[in-house]
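> task: produce atomic coordinates for the following.
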Amino acid sequence: MKRILVLCTGNSCRSQIAEGYLKHYAKGKAEVYSAGIETHGVNPGAIAVMKEDGIDISNNTSNNIDEYRNIYFDYVITVCDNAKEQCPVFPSTAKMFHQNFPDPAKATGTEDEIMQQFRNVRDEIKKFSKEFVTDNLF
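Numbers count the residues shown, from 1 in each chain. The predicted structure follows:
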């Protein structure tokens, strides 16, 4: 079984959303983990927009990259430029992927405008995740 690690700065939004969709689309053909260079807790906005799309990430935890140093990964996906730049070198042959998504946690405006920005990022990550699974796992 393939192992995928999704990395972001704080493991609170983008990487959590990606973990949810990758698990959904992989349908048990991969173990999916997410982590951050730091840990900021799972963002309630990310939980809410994923719930809108029928995926429950409310039990996910925010994990630090150091927790996964001894796990062999087939794929490492960075979902923000900061994580790509700060990503530690893994002692493996993991294939690296990078896609920078806007950080919805930094969204400003009314509550509705902020949630719309979360939805927009969610939809971008959903598309990326589906294509990733199709191109790399099936």
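
> residue 53: neighbour count?
For residue 53, the neighbour count with other Cβ atoms under 10 Å is 14. (Glycine included, C-beta is placed from N, CA and C.)

> who are the neighbours in contact with the residue minimising distance to the centre of the chain?
Nearest to the geometric centre of the chain sits residue 15, at 2.0 Å (Cα atoms, centre = their mean). With contacts defined as Cβ atoms under 8 Å, 6 or more residues apart in numbering, the neighbours of residue 15 are 6-8, 34-36, 79, 83.

> scan this structure for its longest helix.
helix 111-136 (DSSP state H).

> which of the contacts of residue 15 lies closest to residue 22?
residue 6 (6.9 Å; Cβ to Cβ).

> just to revisit the earlier point, any chance of the contacts of residue 15 in TSV, plus pLDDT and neighbour count?
Compiled in TSV, the contacts of residue 15 are given as follows (pLDDT from 0 to 100; neighbours: other Cβ atoms under 10 Å):
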residue	pLDDT	neighbour count
6	96	29
7	93	28
8	93	30
34	96	30
35	94	24
36	92	24
79	95	29
83	71	25
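
> let me have these in CSV, adding secondary structure and distance to residue 55 as columns.
Shown next, in CSV, are those (DSSP: H, G, I helix; E, B strand; the rest coil; distance: Cβ to Cβ, whole Å):
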residue, secondary structure, distance to residue 55
6, strand, 14
7, strand, 20
8, strand, 17
34, strand, 13
35, strand, 19
36, strand, 20
79, coil, 16
83, helix, 22
